[in-house]
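[1] pasting the structure only:
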């Protein structure tokens, strides 16, 4: 499902732990006329229950394969599956008409990477299955840009250990941190490569050990503006034919 080009651009911020995703999201959305941070699926939010309800038939179909494979999803993984199945329809709703972009933190790229990282995989969610490929294709048509943030592993490890926010690798040894980051980075790269093959969203890559969040935000805003300008010209030219 493609989002109409006249709507705000849909941008996901993606990256491994410590890359600076939340900081960049705050900076982008502090630009009042640029970005609005999109909500994420919350199972206890009444207005989100319709997405859960609509996903049940497809979840039931996948469940048969999970049972056969003996690998059932956790509640968090079920939430990610519902998000991937239904949240694209939410992005077509005109919720932020004055914004230039809807910013997604922990969006579809995150969900696909996390499910792909799972060992053992949930049946149907590992890369190269029909469900995974169709889901990638759907979201590649919904996203206009993906901002990929990364940094050297030692920088990432120090950031995770220095911040107050809890994380499963916080306080672990260097080898454990490196292995965790490398596994997730590989899972993300698989998703990014799959989306790129579809001719999908613009992928912007930044090393946050070399660029500040403010500089990344400024560069992103400029490139998204050019992307939207090209889209408007294509729409106008198409309308004249």
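    Thanks, I have the structure now. Remember, it's a predicted structure, so these values are computed and weren't measured experimentally.
[2] ok, now which ones touch residue 75?
    Applying Cβ atoms under 8 Å, 6 or more residues apart in numbering to residue 75 gives the contacts residue 43. For the C-beta atoms, the positions are set from N, CA and C on the backbone; glycine is no exception.
[3] Next, work out how far apart it and residue 84 are.
    Residue 75 is 15 Å from residue 84, where distance means Cβ to Cβ, to the nearest Å.
[4] Residue 49 too?
    Residue 49 sits 17 Å away from residue 84, going by Cβ to Cβ.
[5] more neighbours, these two?
    Neighbour totals were compared for residue 49 and residue 84, and residue 84 leads with 24 against 12 (other Cβ atoms under 10 Å).
[6] Which residues belonging to the helix or strand hosting the more buried one are considered buried?
    Element membership of residue 84, judged by DSSP states H and E, is helix 75-90. With burial defined by 16 or more other Cβ atoms under 10 Å, the residues of helix 75-90 counted as buried are 77-88, 90.
[7] for stretch 92-108, same thing?
    Under the neighbour-count criterion of 16+ other Cβ under 10 Å, stretch 92-108 has 96, 99, 100, 101, 102, 103, 104, 105, 106, 107, 108 buried.
[8] May I ask which two of those residues are separated the most?
    100 and 106 (21.1 Å; Cβ to Cβ).
[9] show me where pLDDT drops low in the chain?
    Low-confidence segments of the chain (pLDDT under 70): 1-6, 31-33, 166-173, 228-241.
[10] Would you map the helices across it?
    For the chain, helices defined by DSSP state H occupy the ranges 21-30, 49-69, 75-90, 108-117, 130-142, 153-162, 174-197, 213-240.
[11] quick one, the fifth one and helix 108-117 angle?
    The one in question is helix 130-142. Here helix 130-142 runs at an angle of 160 degrees relative to helix 108-117 (axes from the mean of the first three to the mean of the last three Cα atoms, to 10 degrees).
[12] Helix 130-142: which residues count as buried?
    131, 132, 135, 136, 138, 139, 140, 141, 142.
[13] cool, the fourth one as well?
    With burial defined by 16+ other Cβ under 10 Å, the residues of helix 108-117 counted as buried are 108, 109, 110, 111, 112, 113, 114, 115, 116, 117.
[14] returning to what we had before: list just the nearest of the buried residues of helix 75-90 to residue 162.
    Nearest to residue 162 among those: residue 80, at 27.9 Å, using Cβ to Cβ.
[15] Might you report the residue contacts of the spatially closest residue to the closest one that is not a sequence neighbour?
    Leaving out its chain neighbours, the residue that sits closest to residue 80 by Cβ to Cβ, 6 or more residues apart in numbering is residue 111, at 4.2 Å. Contact analysis of residue 111 by Cβ under 8 Å, 6+ apart lists 80, 81, 83, 84.
[16] Turn the residues you listed into CSV, columns for distance to residue 208.
    Shown next, in CSV, are the contacts of residue 111 (distance: Cβ to Cβ, whole Å):
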residue, distance to residue 208
80, 25
81, 30
83, 25
84, 26
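[17] And those residues, which is closest to residue 38?
    residue 83 (11.1 Å).
[18] distance of the closest one from residue 48?
    Counting by Cβ to Cβ, the gap from residue 83 to residue 48 is 10 Å.
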